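**Q** I need the structure of the sequence given here:
(2 chains)
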Amino acid sequence: MRFGDYFIVQLKRVLKLLPGILIMTVIVGLVVGAIGYAVVNSDSYKDQQMRYKLGIVGSTEDDMLTMGVNLLENNDDSKLMLDIQQFDNEGEARDALRSGEISAYVLVSDEFINSLNALSNDISLEYFATSGQRGITGIMMDELADIASELVVSSEKGLLALEAEMKNAGFPSEAVNPQIDQLLLLYVGAMLARGDMVEFSELGLANGLTTPEYYSISLSLFFLLLMSFCSVSFFLGKKNATYQFISAKGLGAGWQVVAEFFAYFLMNLFCVELIIFFVRRLSGLGMLTLQNIEIIGDTFLIKSEFNIIIVVLLFSALGFFIFEIVTGVINKFLAAFILYIGMAYISGYFYPKSFFPDILQKVGRILPTGVVFTYMEGLHRESFSSLVSSKMIVGEYISLPKYIFIMAGYTVIFVLGAIVNRRRKIRK
Amino acid sequence: MFEIKGIEKSYGKHQVLQGVSFTLGPGEIIGILGANGSGKSTLLSILAGLERPNGGFFCIDGKDLLKDSKLRNNTLAYIPQENPLIEELNAWDNLRMWYSRAELDKELKNGMLKLLRIDEFLKVPVSKMSGGMKKRLTIGCAMKGGPKLMLLDEPTAALDMVCRNEIYDYFESYRSSGGAMIISTHEIQEIELCNKCFILKGGVLHPYTYDGDLQHLIGILE
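**A** This next block holds a predicted model:
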């Protein structure tokens, strides 16, 4: 018995099993694609895309206050992260706050307006946010409230006094107002240089990926993981007697596993490439809009057929190892399911890794699923040219050769583990 | 002449085989009897090179088959108790794993595979074969290269009378052509085929001659 003969037999098995496996793969692909579409188009995602909403309650008809709000909305750097919504009364604002429509509101009371017009500094704006809303949102809203207070109260009062003095001295409004406006803008630009304090980039969910990019990578990888389930029939009906029979004729555990693994890997790769091919065809026919393609993985799948070979190789090795060491159909499914869900979860396939404690993030990063994710992030950043260190746009530097090496190492470990287990089965 | 001498095997503190020794010439059939778990399959696994013994050797004409894997592969045919065939494939594809197309054509036309009547079900998938067909096909695969010794682990277990007789006919044919066999068995019919029998008990081989008294045999095995 030669290795080549056994490998060809495994390919024949693949051909026999392929129709069923393809159907399963397409079904799983559609389910994962639908989940991706739903996630990226969900209201919660759209909410994330929006800026923080700040409610303003009370009269803003006062000239200075109107100007302050306009400055906030149009001139200050906070315009990049702030939407201002006007409410007629505090009850409406409170309801909106409770229902999550706004993140906080500022109450502009009559006392405040009177104080403003009287050139007094003794009344402050009142700022309301929900209790327990700490974390990044709460902190950001505190900062925004400070900005609002500074702009409206501190920056304008001096200028307001100047305007009043100029008018008292007989300057006409036509001459005063443009000058005061100009001064206000200069003041805001000079004294409140928040552009130096914060830098706005669309960071998305992690490491420089936008939300659609993040989920297109994570869900596509999850789909590649789940492909093991689709091809589980490759592992059914295999018997120790077969291994012993073949081993007794000279083809030992090592060559058996290598032949089976490569047949299994080629089958998985074929399924993946076939799906990519059809997505591209549909895209070419205009049946998928650009957005749809991006959601189901265009950003890295279509442009990186070559680059994902190493990913398919690693996930094939992982699946092969699990299905090789676990006996019984139900046990195989359960073990793979629990391991895949757990690994995918910790590696940030469902939620960004930053949601987890540090220790869990570290574990998630070194798991095969985490290594693959980081590799795909790196690929994404450098527009999918492989084997060259990625250029950092946002987030940590990712060395692709290093991650390819780690993935190859994991693959070897899983295949060696399968060989050791096969040897045990033959001797049993 | 095959010589098996001093084969030892233990799993931890459990001694499975102790100094197992016997010789076997061309055309001879040796039967190994024993209760379940007595070590019959372990002995065959060792002789087939699937397990390593703790001691002893297994020679043909002075050459140690346990150390020379190439010689062992060409000399022995190991037929496990369970069906080792690849279920998704048909008889032809299973045979192609072992034989070249030319060899297969020749064997099916006028060779050992013809004798086993495998040509009758070449296109039948293994999953749809009867027990007898599977066993004949297994033997057909294992006999590639014309081995001089067959190691059979309960070869007719779970087969009906007709299938058994077909298999026994083949054994007789193989024996008459000078082939030797070591059979691990519980079947009286197989015991009757054997030139010599041994009972494996407590890891030690005891010579045994079947005299038609089944109760006596059962008593020994217990």
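
**Q** helices or strands up against the helix or strand of chain B with the lowest mean pLDDT?
**A** Least confident element among the helices and strands of chain B, by mean pLDDT, DSSP states H and E: helix B:214-221 (a mean of 74). On a contact count with 3 or more CB pairs under 8 Å, 6 or more residues apart in numbering or on different chains; DSSP states H and E, helix B:214-221 meets strand B:196-201. C-beta: built from backbone N, CA, C; applies to glycine.

**Q** The least confident helix or strand of chain B vs strand B:196-201, what angle?
**A** 50 degrees (axes from the mean of the first three to the mean of the last three CA atoms, to 10 degrees).

**Q** so how far is helix B:214-221 from its chain's centroid?
**A** Helix B:214-221 sits 23 Å away from the centroid of its parent chain (CA atoms, centre = their mean, to the nearest Å).

**Q** Buried residues in that helix, which are they?
**A** Neighbour counts using 16 or more other CB atoms under 10 Å in any protein chain shown place B:217, B:221 of helix B:214-221 among the buried residues.

**Q** Tell me the residues of chain B that contact chain A?
**A** Neighbours of chain A within chain B, by CB under 8 Å from any CB of the partner chain: B:45, B:48-51, B:69-70, B:73, B:76, B:78-89, B:93-94, B:96-98, B:127, B:138, B:141-142, B:144.

**Q** Please identify which helix or strand holds the residue sitting nearest the centre point of chain B.
**A** With distances taken as CA atoms, centre = their mean, the residue of chain B nearest its centroid is residue B:152 (1.6 Å). Using DSSP states H and E, residue B:152 falls within strand B:149-153.

**Q** which other helices and strands contact the longest helix anywhere in chain B?
**A** As assigned by DSSP state H, the longest helix anywhere in chain B is helix B:161-176. With contacts defined as 3+ CB pairs under 8 Å, 6+ apart, the packing partners of helix B:161-176 are helix B:131-142, strand B:180-184, helix B:188-193.

**Q** hmm, try it at 10 Å
**A** On a contact count with 3 or more CB pairs under 10 Å, 6 or more residues apart in numbering or on different chains; DSSP states H and E, helix B:161-176 meets strand B:29-33, helix B:112-115, helix B:131-142, strand B:149-153, strand B:180-184, helix B:188-193.

**Q** angle of that helix against strand B:149-153?
**A** With the same axes, to 10 degrees as the basis, helix B:161-176 and strand B:149-153 are set at 150 degrees to each other.

**Q** Show residues contacting helix B:161-176.
**A** Contacts to helix B:161-176, defined as CB atoms under 10 Å, 6 or more residues apart in numbering or on different chains, come from residues B:26-29, B:77, B:112, B:115-117, B:130-136, B:139-140, B:143, B:147, B:150, B:152, B:155-157, B:159, B:179-181, B:183, B:187, B:189-190, B:192-193, B:195.

**Q** Type out the PyMOL command that picks the buried ones from those.
**A** The following PyMOL line selects those of the contacts of helix B:161-176 that are buried, judged by 16+ other CB under 10 Å:
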select buried, chain B and resi 28+29+77+112+115+116+132+133+134+135+136+139+140+143+147+150+152+155+156+157+159+179+180+181+183+187+190+193
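
**Q** tell me the mean pLDDT for the top helix by length along chain A?
**A** The residue-count maximum for a helix in chain A (DSSP H) belongs to helix A:3-41. The average pLDDT within helix A:3-41 is 86.

**Q** which regions of chain A sit below the pLDDT cut-off?
**A** The model of chain A has pLDDT under 70 over residues A:40-52, A:59-65, A:67-68, A:71-82, A:116-125, A:129-158, A:186-211, A:283-305, A:381-397, A:428.

**Q** Strands of that one, start to end?
**A** A:52-57, A:82-87, A:104-107, A:126-129 (DSSP state E).

**Q** Provide the angle between the direction of the first one and the direction of strand A:82-87.
**A** Computed with the same axes, to 10 degrees, the direction of strand A:52-57 lies at 30 degrees from that of strand A:82-87.

**Q** what helices or strands is strand A:52-57 leaning on?
**A** strand A:82-87, helix A:90-98, strand A:104-107, strand A:126-129, helix A:135-149.

**Q** If I take it and helix A:90-98, what angle do their directions form?
**A** 170 degrees.

**Q** What strands line up against strand A:52-57, and which way round?
**A** strand A:82-87 (parallel), strand A:104-107 (parallel) (DSSP bridges).

**Q** Switch those over to JSON lines; also include mean neighbour count.
**A** Formatted as JSON lines, the strands paired with strand A:52-57 follow (neighbours: other CB atoms under 10 Å in any protein chain shown):
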{"stretch": "strand A:82-87", "mean neighbour count": "17"}
{"stretch": "strand A:104-107", "mean neighbour count": "22"}
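
**Q** And those: which comes nearest residue A:312?
**A** Across the strands paired with strand A:52-57, residue A:312 has its closest neighbour in strand A:82-87 (43.6 Å, CB to CB).

**Q** follow-up on the earlier one: sitting in helices, which of the residues of chain B next to chain A do you find?
**A** Those of the residues of chain B next to chain A lying in helices (DSSP H): B:45, B:69, B:70, B:73, B:93, B:94, B:96, B:138, B:141, B:142.

**Q** before we move on, the earlier item: can you list the buried residues in the longest helix of chain B?
**A** B:163, B:164, B:166, B:167, B:168, B:170, B:171, B:174, B:175.

**Q** swap in stretch B:59-69?
**A** Neighbour count says stretch B:59-69 has B:59, B:60, B:65, B:66 buried, by 16+ other CB under 10 Å.
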